[in-house]
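Visitor: any chance you can model this:
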Amino acid sequence: MTTPPFRIGFVLFPNMTQLDLTGPYEVLARLPGATIHLVWKDLAPVPSDRGLAIVPTDRFETCPTLDLICVPGGPGINELLTDDEVLSFIRHQAWGARYVTSVCTGALVLGAAGLLRGRRATTHWMSHGLLAEFGATPVRARVVVDGRIITGGGVTAGIDFGLTVVAEIAGRALAEAIELGLEYDPQPPFGTGTPERAGPELVTRMQALSARIQGARIEQVRRAAAALEPA
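Guide: This is a model prediction of the structure:
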């Protein structure tokens, strides 16, 4: 018996954080019947924020109707928040998709597309409070499932996100097998992966390093939120 195709689309964009995409990609590509579409405005290689180029497989206008759409995060989401072409594509795909998802700050793009109003969601800790600007309820968790809306936290949470999605689609047994196959057993050497564990000094230092990007992001979020139609 042939497994019907399950079309998964990741939205690419310049200055994305590649692990936001490649983490869940590594998991979701193991889903039986999965076909992966890497989608952007054109087919030129798209550089990540650390210089790794990823080649799109589809343009927005040639992308088929997706069963699952995922928006990764990264510094480049600032520009996407007011990019009508990107937001229109995401809204269009969201109408027909079984699952509308994000990893890290990709959740803010879903918010800018008007897809998080009244929903529980998560994102990277530095941008967590900004979810409320789009009418979402911020939840501090690695993965948040609210109906067909599934959001993952910052960067490495993309693997947890992918496994959660596989369990939703195909059951826990397959997700457990994939987790074992990937030997996914995180044991961070320093234990500073959350603000609570890192302590105020390290948190303040990281916020200072990201101040320029975060300042621009806050302004873009406010513009995007103002552009949404009233609830």
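Visitor: make it CA atoms for all contacts and neighbour counts henceforth
Guide: Fine.
Visitor: pLDDT of the lengthiest helix in the chain, averaged?
Guide: Longest helix in the chain by number of residues (criterion: DSSP state H): helix 211-227. Helix 211-227 carries an average pLDDT of 96.
Visitor: show me what that helix is packed against.
Guide: Judged by 3 or more C-alpha pairs under 8 Å, 6 or more residues apart in numbering; DSSP states H and E, the packing partners of helix 211-227 are helix 77-80, helix 106-112.
Visitor: doesn't A198 make contact with T192?
Guide: Yes: contact criterion C-alpha atoms under 8 Å: T192 and A198 qualify, at 4.2 Å.
Visitor: quick one: the strands in this structure, in order.
Guide: Residue ranges of the strands in the chain, as given by DSSP state E, are 6-11, 34-40, 46-47, 53-54, 58-59, 68-71, 99-103, 120-121, 137-138, 143-146, 149-152.
Visitor: next up, the contacts around I54.
Guide: Residues near I54 by C-alpha atoms under 8 Å, 6 or more residues apart in numbering: P45, V46, P47, S48.
Visitor: out of the residues you listed, what pair is the most spread apart?
Guide: Pairwise distances across the contacts of I54 peak at 9.7 Å for P45 and S48 (criterion: C-alpha to C-alpha).
Visitor: more neighbours: which of these two?
Guide: S48 (20 against 16; other C-alpha atoms under 10 Å).
Visitor: and the pLDDT at the more buried one?
Guide: 98.
Visitor: quick one, phi psi at the residue nearest to it when sequence neighbours are not counted?
Guide: Among residues not flanking S48 along the chain, N15 sits closest, at 4.4 Å (C-alpha to C-alpha, 6 or more residues apart in numbering). Dihedral angles of N15 (phi, psi; degrees, to the nearest 10) stand at phi 70, psi 30.
Visitor: list the contacts for N15?
Guide: P47, S48, D49, R50, G74, P75, G76, I77.
Visitor: leaving out chain neighbours, which residue sits closest to the first one?
Guide: Read it as P47. A53 is the one closest to P47 (C-alpha to C-alpha, 6+ apart), at 4.2 Å.
Visitor: any stretches of this protein with poor pLDDT?
Guide: For the chain, the stretches with pLDDT under 70 are 1-2, 231.
Visitor: show me what contacts the residue nearest to R30 when sequence neighbours are not counted?
Guide: Distance criterion C-alpha to C-alpha, 6+ apart; nearest residue to R30, sequence neighbours excluded, is I178 at 7.4 Å. Shown in contact with I178 (C-alpha under 8 Å, 6+ apart): V27, R30, L163.
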